[in-house]
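**Q** next input, structure requested:
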Amino acid sequence: MADTIADGIYSSPDLPAVAADMAEAATRLIDSLSAAQKARALYSDNHYERLYWNYAPMQYRGLPLGEMEPPQQAMAFDLLATGMSDDGADRVRQIANLEVVLGEMEAAASTGVFPRDPGGYYLRIFGTPGSDAWSWSLNGHHVYAAFTIVAGRAIASTPNFLGSNPAQVPHGYEGAGTGVLWDTDERARELLASLDKGQRTKAIVSDLAPLDIYTLNSPILVDGPGTVLPPSGLSAGDMNAGQRDRLWDMVSGYVNRLRLELAAPILDGLKSDDFGRFDFSWAGGDQPGQGRYFRIHRLQPGSFLIEQDNVQNEANHIHSVMRDLDEDFGVNLLRHHYEAAHLHH
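**A** Next comes the predicted model:
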């Protein structure tokens, strides 16, 4: 069936090896699971849960890291490393570890509502690894990483969500002064600061930041006028070369959370396919402690979206997401694959 998938950024020549790595890592983990663990981790390839994700502190379906033996947890991170870069996987580990810090902060302030658990990250595998169509995800508070593998050589790797609370660890706690996603917040403020008055007028779409990213955890998105993703902001085509470089650094920073072989064709496609169609928009303040939000967005065709907000907890709580509206959850890859399979029978 391999010939049914059109060549493109999700089926580059390097991806069959990545697909094989994913299948091998997933199979090794599955083989280590007890019957009770398998009952929680494994789903049919087209189960509705495949499109369900969230980033709130809550109990999810799937098999949590906290209910795996240490060798199994290591295998789960081995699987994560088949899809995420060292940088991306390291951020996931740091975000999980922040649960401890957050729990301590909430206990000190008597504001705890949710249990904070570094083991509360849930693995779900849909379908049989290595089969014609299967997928897997890791989901918990402030983490969602999902990969859909089609025909053994096409891989979709969005939505991809990372969040951080606290965005910067306050004095008195382990890791004080560090921030898992603080670099992205700083880069966006630097880009905004580089804009002249006319550019700022276009880029700043509201003086008030939204309380969260606009797209929330919607499984499928549409963009364009009349949606939550209208054309807005400052076009990359209206930026100078230095500003475009800053914007590109931001985009590539998000994409490079993915493994190199997954990130490189996406970046090649974004760079070659009219980077000037990207818009940068900002809402809220631009000073520390002021709630802020930004979006980097290219409309269909070739839709690509980054959203980030830092509003909650006195602007010390970041949500960030990267999405491809054409290919989130591998929707089009699967559609083409199944249509072709149907034609052949």
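
**Q** hey, where'd the helices end up in the stretch 101-250 of the chain?
**A** Counting by DSSP state H, counting those that start in this stretch, the segments of the stretch 101-250 of the chain that form helices are 182-193, 197-203, 241-255.

**Q** what sits closest to the residue most central in space within the chain if chain neighbours are left out?
**A** Centroid check for the chain by CA atoms, centre = their mean gives Asn160 as the closest residue, at 1.5 Å. Take Asn160 and drop its neighbours on the chain: the residue closest to it by CB to CB, 6 or more residues apart in numbering is Met322, 4.7 Å away. Every C-beta, even on glycine, is put in place using the N, C-alpha and C of the backbone.

**Q** just the C-alpha atoms of the helix or strand containing that neighbour, please, in CSV.
**A** Applying DSSP states H and E as the criterion places Met322 in strand 318-323. The C-alpha trace of strand 318-323 is given here as CSV (Å, rounded to 0.1, in the frame of the first residue of the first chain):
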residue,chain,number,x,y,z
ILE,A,318,2.4,28.9,29.7
HIS,A,319,0.4,26.9,27.2
SER,A,320,1.9,26.3,23.8
VAL,A,321,0.6,24.2,20.9
MET,A,322,1.7,23.4,17.4
ARG,A,323,-0.8,22.1,14.8
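
**Q** partners of the residue nearest to the centre of the chain in the sheet?
**A** Ala145, Met322 (DSSP bridges).

**Q** quick one: it and Phe304, what's the gap?
**A** Noted for Asn160: a distance of 12 Å to Phe304, by CB to CB, to the nearest Å.

**Q** sorry, back to before: give me the distance between the residue nearest to Asn160 and Trp182.
**A** For Met322, the distance to Trp182 - CB to CB - is 17 Å.

**Q** which one's more surrounded, these two?
**A** Remark: of Met322 and Trp182, Met322 carries more neighbours, 24 against 18, as counted by other CB atoms under 10 Å.

**Q** per-residue pLDDT of His345, please?
**A** As predicted, His345 sits at a pLDDT of 50.

**Q** next one: Asp326
**A** Asp326 is assigned 89 on the pLDDT scale.

**Q** what are the ranges of the strands in the stretch 1-150 of the chain?
**A** For the stretch 1-150 of the chain, applying DSSP state E, counting those that start in this stretch gives strands covering 42-43, 63-64, 121-126, 133-140, 143-150.

**Q** could you dump the last one to PDB, C-alpha only?
**A** If I follow you right, that is strand 143-150. Included here for strand 143-150 are C-alpha records, laid out as PDB according to Å, rounded to 0.1, in the frame of the first residue of the first chain:
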ATOM      1  CA  VAL A 143       1.700  17.400  27.600                       C
ATOM      2  CA  TYR A 144       0.200  16.000  24.500                       C
ATOM      3  CA  ALA A 145       2.400  14.200  21.900                       C
ATOM      4  CA  ALA A 146       0.700  12.200  19.200                       C
ATOM      5  CA  PHE A 147       2.000  10.300  16.200                       C
ATOM      6  CA  THR A 148       0.000   8.700  13.400                       C
ATOM      7  CA  ILE A 149       1.800   6.200  11.100                       C
ATOM      8  CA  VAL A 150       0.300   5.200   7.800                       C
END
